[in-house]
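J.: Attaching a predicted model along with its sequence, questions to come.
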Amino acid sequence: MAERPEDLNLPNAVITRIIKEALPDGVNVSKEARRAISQAASVFVLYATSCANNFAMKSKRKTLNAGDVMSAMEEMEFERFLQPLREALEAYKKGQKGKKEASEQKKKDKEKKSDAEESDKNKDEEEEEEEHMDEEPEVENEAEDEEVEN
Amino acid sequence: MAATLGPTQGADSDLDPNIVEEETRGTDGEEENSQQTGAVTAPQSRLAKLPLSRIKALMKADPDVTLASQESVFIIAKATELFVEMIAKDALVYAQQGKRKTLQRKDLDNAIEAIDEFAFLEGTLD
């Protein structure tokens, strides 16, 4: 989709909203400033990912997990983020649990239908899983939820 | 999402109403929901404002990253949100020093130069 990672921008409307909510009323943001912040956010993601990945590799894991990201935040001197992130993670996990149960229900129904059809579709689904990662309840441990093929 | 397409005067006018550019036409909300096709409309789609699919795409750009858990993608999304808030606030200080009510690019540059945590951004912005 994008040629360079730097070209992958986060949606302007969302960035704008986040900025607006952080600043007092009456303050405006120029287009250039907004663009720069959006770019900075993308760079942040790349840097945080790289940093987190180092922690994963140190522990000889191939899967980047939430703990790695937390360690990365510390490393990047964003300790102030740790507490809010932990809280957000808790809420997220609870939500995931609910989704997982609902999804398992769906799976049971699916199995009752044609198994044959599924095995053919598997190849397609594998690619789809990458996109719909968030709805797929990857078992108990968040093992390979994400297949990053490069 | 109402697109506030006011007259884009641009520049430094204090009464600068240019929010504009709702290019995503509400896709953000759609993007988040599309990841949970049919399944429970889970609250965590509201926990992260930034679309996880886009965050994921960025993470994938790193050749050293093999796999990433859903949680890690979410946490990075959330951290990015906190980052945006932080940098906006820090840049605002410089705008205020310049007695402006509009945040400008140079305020960002000043913040990046002055604040240690933002050192990684040096040289990365167009």
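T.: Noted; the coordinates are in hand.
J.: host element of residue 106?
T.: All of this is about chain A. Using DSSP states H and E, A:Lys106 maps to helix A:82-112.
J.: let's do chain B instead
T.: Counting by DSSP H and E, B:Lys106 is part of helix B:105-114.
J.: can you list contacts of that helix?
T.: A:30, A:32-33, A:36-37, A:40, B:87, B:90-95, B:98, B:118-119, B:121-122, B:125 (C-beta atoms under 8 Å, 6 or more residues apart in numbering or on different chains). Any C-beta I mention is one placed from the backbone N, CA and C, and that applies to glycine too.
J.: Could you pull out the buried residues of that helix?
T.: By 16 or more other C-beta atoms under 10 Å in any protein chain shown, the buried positions in helix B:105-114 come out as B:105-112.
J.: a markdown table for those, including distance to A:Lys93 and pLDDT?
T.: As requested, those are arranged in a markdown table below (distance: C-beta to C-beta, whole Å; pLDDT from 0 to 100):
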| residue | distance to A:Lys93 | pLDDT |
| --- | --- | --- |
| B:Arg105 | 39 | 97 |
| B:Lys106 | 41 | 97 |
| B:Asp107 | 37 | 98 |
| B:Leu108 | 34 | 98 |
| B:Asp109 | 39 | 97 |
| B:Asn110 | 39 | 97 |
| B:Ala111 | 34 | 97 |
| B:Ile112 | 34 | 98 |
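J.: A:Lys62: which of these is nearest?
T.: When the buried residues of helix B:105-114 are compared for distance to A:Lys62 (C-beta to C-beta), B:Ile112 comes out closest, at 33.5 Å.
J.: can you tell me if stretch A:43-61 touches chain B.
T.: Yes. Using C-beta under 8 Å from any C-beta of the partner chain, stretch A:43-61 reaches chain B at A:43-50, A:52-53, A:57.
J.: Give me the subset of the residues you listed lying in helices.
T.: A:43-50, A:52-53, A:57 (DSSP state H).
J.: Report the buried residues of the longest helix along chain B.
T.: The residue-count maximum for a helix in chain B (DSSP H) belongs to helix B:70-97. Neighbour counts over helix B:70-97 (16+ other C-beta under 10 Å) mark B:70-84, B:86-88, B:90-92, B:94-95 as buried.
J.: right, is stretch B:115-125 up against chain A?
T.: Yes. For stretch B:115-125 and chain A, the contact criterion (C-beta under 8 Å from any C-beta) is met by B:116-118, B:120-121, B:124-125.
J.: Quick check on those: which are buried?
T.: Of the residues of stretch B:115-125 next to chain A, these count as buried by 16+ other C-beta under 10 Å: B:117-118, B:120-121, B:125.
J.: Only whichever of the ones in helices among the residues of stretch A:43-61 next to chain B are buried, select them in PyMOL.
T.: Restricted to buried positions by 16+ other C-beta under 10 Å, the PyMOL selection for those reads:
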select buried, chain A and resi 43+44+45+46+47+48+49+52+53
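J.: As JSON lines, the ones in helices among the residues of stretch A:43-61 next to chain B with pLDDT would be great.
T.: What follows is these, written out as JSON lines (pLDDT from 0 to 100):
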{"residue": "A:Val43", "pLDDT": "96"}
{"residue": "A:Phe44", "pLDDT": "98"}
{"residue": "A:Val45", "pLDDT": "98"}
{"residue": "A:Leu46", "pLDDT": "97"}
{"residue": "A:Tyr47", "pLDDT": "97"}
{"residue": "A:Ala48", "pLDDT": "98"}
{"residue": "A:Thr49", "pLDDT": "98"}
{"residue": "A:Ser50", "pLDDT": "97"}
{"residue": "A:Ala52", "pLDDT": "98"}
{"residue": "A:Asn53", "pLDDT": "97"}
{"residue": "A:Met57", "pLDDT": "96"}
